[in-house]
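Novice: sequence and predicted model, in that order:
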Amino acid sequence: MNFFDFEVLRLIWWGLLGVLLIAFALTDGYDLGVGALLPFVARSDVERRMVINSVGPHWEGHQVWFILGGGAIFAAWPFVYAVSFSGFYLAMFLVLAALILRPVGFKYRSKKSDPAWRERWDWALFVGGFVPALVFGVAIGNVLQGVPFRLDSDLRAFYEGSFFGLFTPFSLACGLLSVAMLVLHGSAWLTVKVEAGPVADRSRRYGTVAAVASIVLFAIGGGFVALGPMGFRIDGVVDPSGASNPLRTTTIAASGAWLANYVLRPATLLAPAAGFVGALVALIGLQKRRGGLSFAGSGLSLVGIIATVGVSMFPFILPSSIDPRSSLTIWNASSSQRTLGIMSLATIVFLPIVLAYTAWAMRVMRGVVTSREIATNPDLY
């Protein structure tokens with residue numbers, strides 16, 4: 001088996017999709033968390049500018065991971081892109097509308113000294129942080145439950161759900177978990193990035209609540225998965241190198257099937273363990289005023305929670321709740337072998353460049369944001 005085997009390429013791109021999602025959560029995740037915290041951890045104009053400038057140098061560069069994730073789905077998993085982006089159209093539009101508020105808020109918030117003007121943009125930045133975090137989690141909850149779509153014999157996709165149908169008790173729990181873990185990540189970032197004082201203290205308090213909420217909501221989500229009627233499995237023989245045709249696979253709904261991989265591959269238990277342990281480490285770091293420890297813990301929790309979804313669903317990417325036979329897996333919904341091979345070569349060249357740039361930018365723009373710097377530097381937001 002070599003690097004360019006179809007099976008290996010599919011596994012590589014399944015892993016890379018996970019890497020891109022995790023990278024987005026680790027980088028832009030704390031930007032979203034800081035935005036959601038802005039009206040609460042900062043009271044005065046100087047404090048709010050400190051919070052904004054803690055992510056000011058980075059937020060634009062971090063969005064590259066969001067773009068790469070969407071591009072990877074489009075190029076490597078075209079069936080998944082077609083079904084999810086059309087079925088979740090209104091939800092995606094809501095996310096994009098909220099994300100559009102963020103750059104406008106950063107650029108225009110301090111253009112006028114009017115307090116009412118600045119407060120409105122502060123709430124716009126809150127919406128730009130809170131809404132995407134919530135909707136991303138709700139979307140993942142719907143994927144775990146199965147999406148109401150079907151494919152006909154010509155592989156045309158038909159989505160039979162509604163916007164409000166996305167909001168079920170389980171998907172809302174996933175949405176709140178997403179908000180909690182990103183708020184925790186943002187709180188931890190603020191304890192590292194802003195000077196000691198009221199903003200850092202309030203960030204620790206909100207971060208403590210978010211850490212506890214992350215642990216509780218992650219456990220509740222696990223209970224839903226273990227006890228609720230959700231899960232899918234492939235029935236029959238799987239050909240990992242077969243043609244990309246979703247209808248060639250026989251899939252059935254099977255309650256509790258999302259737990260099967262943990263029995264077959266016990267090492268995968270490290271993912272949910274990291275989700276719990278990371279949140280606990282972040283909580284301890286916040287309580288002991290150790291910003292680096294809390295940020296490392298929140299990052300570990302993010303990695304663990306997102307990885308838990310991936311390893312639970314493997315090899316599924318987008319199961320269908322109304323026609324399990326239409327479910328999309330890494331074996332039946334990928335691009336061609338040649339496409340994945342060319343993309344892999346491009347990734348070998350360009351991914352290290354993106355990582356190097358991100359690391360360089362973080363190093364160059366390191367340091368703590370202080371109230372004195374805010375007052376004396378006219379180039380800051």
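Specialist: The structure has been received and is ready for your questions.

Novice: and residue 315, what pLDDT?
Specialist: Residue 315 carries a pLDDT score of 92 in this model.

Novice: quick one: it from residue 22, how far?
Specialist: Note on residue 315: its distance to residue 22, by C-beta to C-beta, to the nearest Å, is 19 Å. (C-beta placed from N, C-alpha, C; glycine too.)

Novice: my guess is residue 371 meets residue 50, correct?
Specialist: Yes: at 6.3 Å, residue 371 and residue 50 qualify as touching, with contact defined as C-beta atoms under 8 Å.

Novice: for those two, list the residues in contact with both.
Specialist: Shared contacts of residue 371 and residue 50, defined by C-beta atoms under 8 Å, 6 or more residues apart in numbering, comprise residue 195.

Novice: ok, these two, which is more surrounded?
Specialist: Each of residue 371 and residue 50 had its neighbours counted (other C-beta atoms under 10 Å), and the higher figure belongs to residue 50 (28 against 16).

Novice: separation between that one and residue 188?
Specialist: From residue 50 over to residue 188 (counting by C-beta to C-beta), the distance is 16 Å.

Novice: what's the answer for residue 266, then?
Specialist: As defined by C-beta to C-beta, residue 266 lies at a distance of 30 Å from residue 188.

Novice: looking at these two, which one has more neighbours?
Specialist: Per other C-beta under 10 Å, whichever of residue 266 and residue 188 has more neighbours is residue 188, with 31 against 9.

Novice: OK, contacts around the residue nearest to residue 335 when sequence neighbours are not counted?
Specialist: Excluding its sequence neighbours, the residue lying closest to residue 335 (C-beta to C-beta, 6 or more residues apart in numbering) is residue 76, at 5.6 Å. By C-beta under 8 Å, 6+ apart, the residues touching residue 76 are 13, 16, 17, 334, 335, 339, 340, 343.

Novice: one more time with 7 Å, if that's ok
Specialist: With contacts taken as C-beta atoms under 7 Å, 6 or more residues apart in numbering, residue 76 has the following neighbours: 13, 17, 334, 335, 340, 343.

Novice: in TSV, list those along with secondary structure.
Specialist: Formatted as TSV, these follow (DSSP: H, G, I helix; E, B strand; the rest coil):
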residue	secondary structure
13	helix
17	helix
334	coil
335	coil
340	helix
343	helix
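
Novice: which one of those residues is nearest residue 184?
Specialist: Distance to residue 184 across the contacts of residue 76 (C-beta to C-beta) is lowest for residue 17, with 23.9 Å.

Novice: the closest one and residue 69: what is the separation?
Specialist: Between residue 17 and residue 69 the computed distance is 7 Å (C-beta to C-beta).

Novice: check which residues of the helix or strand encompassing residue 36 are buried.
Specialist: Element membership for residue 36, per DSSP states H and E: helix 6-41. For helix 6-41, burial by neighbour count (16 or more other C-beta atoms under 10 Å) applies to 6, 8-14, 16-38, 41.
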